[in-house]
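Q: next one to model:
(one chain, ligands or ions: 1)
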Amino acid sequence: MTSRDKILNLFRTCPDQYLSGQDISRSLNISRTAVWKQVKVLRELGFEIEAKHSLGYRLLATPDLLLTSEIESGLNCQLLGQSVVSLAETDSTNVLARRLGEEGALEGTVVVADRQSAGRGRLGRRWESPPGINLYCSILLRPKIPVQQAPQLTFLSAVAVVETLKEVCHLSAEVKWPNDILVGGAKISGLLNEMNAETEQIHFVILGVGVNLNMTEAQFPDILNYPATSVLLETGKPVDRLIFLQAFLQRLDLYYAEFLKEGFSPVRRRWEKLCNMMNMQVEVDQGGGSLCGTVVGLDTEGALRLQLDNGQVERILAGDVRPVKI
Ligand code: BTN
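A: The predicted structure follows:
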């Protein structure tokens, strides 16, 4: 933990109180000049810190920043967030998490960035990642499960995002197979899970999660090939990114523990309840051609089960699903 994080922790443990420069310097074992320098950096980051001659420093307000120490503080998880890496900018949190995974990072490592310069979406698409407003996060997991079960983890993060939107933002969202979260038909969050494995063994899985939280109309790109929205646009209220992230990680942590103990069934049931197209007539565009049928659920490996008109149930492994307009 850096001296800056330690100073923030001191402020947090003594809310609304003045801390003298001398006390801070003693408890951190750094000089008073070093304390003053760190306070200056914190102010530059947007922390409002009052300084009174005979009393010392007092924290008045914190900016909406996702700092490692802020994320870790008060995070109530068994496994997730054992290590948190938070950056002002990176190309893609998935890319960084993958690199950390290859270097042997702990299971449960969380990578967060304020901005991504090359945020990645599914099928090689771009994920718009402007600074200061949304959540871009990747979680490293090392589950001891067969390789073909890895796609099941996508559904864990989907359920956790929808439930966090409800809990923190009072917003009802739906899941769309395989990896979208929608509100009123517009995309509010996307998931990109990537795996590093050999034939029989998973080394690690990266759960990549992007949620449009405080994005305004003007901040969406002019050309998007799907309707998109944000929590701010839907509710009119800004979301505290830190609160959202912590609530999401706590929920995902619980579901991951349950998944390792009980398998896919509980998550699958929750996902099916949140799916916007259950029992609906849909058309699945599979690139080369399309299939029509009724969505009847997920199978044990996370494929979409589509019942065709002749009663036969097909497993859909990839494709774009659209409701059929009757
Ligand atoms: C999609 O819907 O196409 C998936 C979007 C996934 C975006 C997230 S943002 C955090 C993580 N880092 C990335 O580069 N992508 C994922």
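Q: which residue packs closest to the residue of the stretch 101-250 of the chain found nearest the ligand, ignoring adjacent ones?
A: Nearest to the ligand in the stretch 101-250 of the chain, going by C-beta to the nearest ligand atom, is Gly190, at a distance of 2.1 Å. Just so you know, the C-beta spots here come from the backbone N, C-alpha and C atoms, and that holds for glycine as well. Residue nearest to Gly190 in three dimensions, not counting chain neighbours: Gly210, with 5.2 Å by C-beta to C-beta, 6 or more residues apart in numbering.
Q: quick one, phi psi at that neighbour?
A: Here is the backbone geometry of Gly210 (degrees, to the nearest 10): phi -120, psi 130.
Q: what sits against it?
A: 119, 121, 127, 129, 134-137, 189-192 (C-beta atoms under 8 Å, 6 or more residues apart in numbering).
Q: just those residues: which are in strands?
A: 135-137, 189-192 (DSSP state E).
Q: who's in contact with the residue of the stretch 101-250 of the chain closest to the ligand?
A: Per C-beta under 8 Å, 6+ apart, neighbours of Gly190: 121-122, 127, 179-181, 210.
Q: which among those residues gets closest to Thr229?
A: Ranked by distance to Thr229 (C-beta to C-beta), the contacts of Gly190 are led by Ile181 at 10.3 Å.
Q: that closest one touches Lys187, doesn't it?
A: Yes. Ile181 is in contact with Lys187 according to C-beta atoms under 8 Å; the separation is 7.1 Å.
Q: tell me which residues of the longest helix seen in the chain are tucked away?
A: Using DSSP state H to define each element, the chain has its longest helix at helix 241-262. Across helix 241-262, burial judged by 16 or more other C-beta atoms under 10 Å covers 241-242, 244-256, 259.
Q: ok, now stretch 24-34?
A: The neighbour-count check on stretch 24-34 (16+ other C-beta under 10 Å) flags 24-25, 28, 30 as buried.
Q: and for stretch 47-60?
A: Neighbour counts using 16+ other C-beta under 10 Å place 47, 49, 56-59 of stretch 47-60 among the buried residues.
Q: from those, which two are the most distant?
A: For these, the farthest-apart pair by C-beta to C-beta is Phe47 and Gly56; their separation is 15.1 Å.
Q: just the strands in the stretch 51-200 of the chain please.
A: 56-61, 84-90, 110-116, 135-141, 174-176, 180-183, 186-197 (DSSP state E, counting those that start in this stretch).
Q: tell me which of those strands sits nearest to Arg12.
A: strand 56-61 (7.9 Å).
Q: elements contacting that closest one?
A: Here strand 56-61 touches helix 3-13, helix 21-28, strand 48-52, going by 3 or more C-beta pairs under 8 Å, 6 or more residues apart in numbering; DSSP states H and E.
Q: ok and the second one relative to helix 3-13, angle-wise?
A: In this case it means helix 21-28. Between helix 21-28 and helix 3-13, the angle comes out at 110 degrees (axes from the mean of the first three to the mean of the last three C-alpha atoms, to 10 degrees).
Q: who touches helix 21-28?
A: With contacts defined as C-beta under 8 Å, 6+ apart, helix 21-28 is touched by 3, 6-7, 10, 31-32, 34-36, 56-57.
Q: please apply the same query to the shortest one.
A: Among residues not part of strand 48-52, those counted as contacts by C-beta under 8 Å, 6+ apart are 18, 39, 42-43, 57-62.
Q: okay, the buried residues of stretch 24-34 in a markdown table with pLDDT next?
A: Converted to a markdown table, the buried residues of stretch 24-34 look like this (pLDDT from 0 to 100):
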| residue | pLDDT |
| --- | --- |
| Ile24 | 94 |
| Ser25 | 94 |
| Leu28 | 92 |
| Ile30 | 94 |
